[in-house]
Every structure is written in structure tokens, then in C-alpha cells.
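Undergrad: Okay, structure incoming, though there's no sequence with it:
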């Protein structure tokens, strides 16, 4: 299967700092990437859709100024959590679509963010 | 948007047993995927199956698109099959496509 790499896998930061998470599709080009958030023992909730070369589309209730998404190339999307607070602590997972508009999605390993 | 429901929410099996996990979705779909989330959080792709039947080793899946459900079969279960199984569905719309996840089935396989 296709490979999507996410980095860092774990990050601990102080309240008020910003954290950047990278998502790379290693063996295919992805015009569309997605960012999900998962709380303990819950399902994945879509935060935003990232399209290469254009602005991200955020789901209702997701603060675009808090969660900055950049999709600078066909293989890289980044999520920056700005001025992080303890309530932003969560598991963040990216995915990349391979192929056509409803093609298969492949997921990164996830990033566990802890804000102290 | 599309609604995705999974059942059962929890399942405990003895090693060697077979099981069926169900995924119901509220509308016609263009994409239906099954995943296994391992203890470290990684989502492993099991099947991309918007319709029809596929098999991969001890696992198989069937999607009956006209009746809006998909089934994941696990045969001769092993302890390594433990974890959470998610199905996720997507419908092509003019407002953008997105994969919506079900609530998952937590599977525990015991010796």
C-alpha cells in the first residue's frame, strides 16, 4: 500500500507555544490531504481538507486561526497549532488521497500532542 | 452529511473464532473503506470497497451499496487482530468530498 509519513509522532509543549506537524505522502502525489482529530476512545473527526495550492476548507466549529493548514506541494501538508492550550491536547492524524476524486485514503502514523 | 453507524460497539472473542462486523451508512457512497487501528494509533487500510466483495487472507469484506451496508468478516481470529475497527464512507458532492468515520468496533481476542 501507499505510504504516508507524519512527524513528529509525539510532542509536548508549553501553553502558549505553537506546534507544527508535517504530513508527507512518500510514494504518490496527493492533491488532497485531510486532517483529523481523535480523542481517547472516540472516532476520528475531520478538521479540515487541504488542497494543494489553495486554502484549506475547515469543518464547522474548527477555528482556522488556531489550526493553520498549508499544502505547499503535492507531497506535503502541515498543520500548525497556534498558541496551544491544554484543551488542544489530542491525537492528530493526517491522510492523503491517492488517485481520483474518490480514491483510497491512506493515513499517517498520527501525532500525539500534549500541552502543559 | 452522510451518517455512518457500526455494530457491535464491543466484541470479545476466543482465539480461533469467527466474527462479523457491520457498517450501515445513510446514503449512497462513492468510497467505503475499512481500517484497523492498532494500539499505537496507526490506521491500517484493510479494504477499499465501495461495492462488491474482496478477500485478503483471513479477512473479507462485502458492501451491498443498494442496501447501504458493509460487512467485515474475520475468520480464525488471533490475538493480534485485537484493536478498533473503523469503517468510513464518502459520498461525492459538489461541496467537497470527505471520509466520514463510524464509531468503531473495539475487538478483543483472548487466548
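TA: It's in. All of these numbers come straight from a predicted model, not from anything done at the bench.

Undergrad: can we go C-alpha only for contacts and neighbour counts from here?
TA: Fine.

Undergrad: Spell out for me which residue occupies the centre of chain A.
TA: residue A:35 (3.5 Å; C-alpha atoms, centre = their mean).

Undergrad: Residue B:74 contacts residue B:60, doesn't it?
TA: Yes: with contact defined as C-alpha atoms under 8 Å, residue B:74 counts as touching residue B:60 (6.8 Å).

Undergrad: what's the span of stretch B:97-107, first residue to last?
TA: Criterion C-alpha to C-alpha, to the nearest Å; first-to-last residue distance in stretch B:97-107 is 29 Å.

Undergrad: quick one on the thing from earlier: my guess is the residue nearest to the centre of chain A contacts residue A:95, does it?
TA: Yes: contact criterion C-alpha under 8 Å: residue A:35 and residue A:95 qualify, at 6.5 Å.

Undergrad: How many residues are close by the closest residue to residue A:7 other than its chain neighbours?
TA: Closest residue to residue A:7 apart from its sequence neighbours, by C-alpha to C-alpha, 6 or more residues apart in numbering or on different chains: residue A:22 at 5.2 Å. Residue A:22: 20 surrounding residues under other C-alpha atoms under 10 Å in any protein chain shown.

Undergrad: any idea how far the nearest residue to residue B:101 once chain neighbours are set aside is from residue A:1?
TA: Among residues not flanking residue B:101 along the chain, residue B:88 sits closest, at 4.2 Å (C-alpha to C-alpha, 6+ apart). As judged by C-alpha to C-alpha, residue B:88 and residue A:1 stand 18 Å apart.
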